[in-house]
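*Asks:* Return atomic coordinates for the entry below.
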Amino acid sequence: MKNFAIKLVWFTTIYVFVFAGLCQTTIPLPILMIRHCVSIPLILFMVYTVLTDD
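*Replies:* The predicted structure follows:
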C-alpha cells in the first residue's frame, strides 16, 4: 500500500474511536450527528482507497 492509504486507515480508525468515545459523553446531539455524517463517507472512501491501491 502507498503511504496515503496507510495514513488514511490510521486517521479513519482514530476518528471512529474518538467518535465512539464522544457518544459516551454529554456532547450535544447536533455535533454528534455532524460527526456521524462525516464518518460514513470517510469509511467508504477508506475502503475504496485500500481496495484500489496498488
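
*Asks:* Leaving out sequence neighbours, find the closest residue to the most centrally placed residue in the chain.
*Replies:* Averaging the C-alpha coordinates of the chain gives a centre point, and the residue nearest to it by CA atoms, centre = their mean is residue 12 (3.4 Å). Excluding the flanking residues, the one nearest residue 12 by CB to CB, 6 or more residues apart in numbering is residue 46, at 4.6 Å. No exception for glycine: its C-beta is placed from N, CA and C like everyone else's.

*Asks:* go on, residue 36?
*Replies:* In space, and not counting its chain neighbours, residue 36 is closest to residue 19: 7.1 Å by CB to CB, 6+ apart.

*Asks:* The longest helix seen in the chain - contacts with which helices or strands?
*Replies:* Criterion DSSP state H: the longest helix present in the chain is helix 29-52. Using 3 or more CB pairs under 8 Å, 6 or more residues apart in numbering; DSSP states H and E as the contact test, the elements touching helix 29-52 are helix 3-23.

*Asks:* Residues contacting the helix it packs on, please?
*Replies:* Outside of helix 3-23, the residues that reach it under the criterion CB atoms under 8 Å, 6 or more residues apart in numbering are 32, 35, 36, 39, 42, 43, 45, 46, 49, 50, 53.
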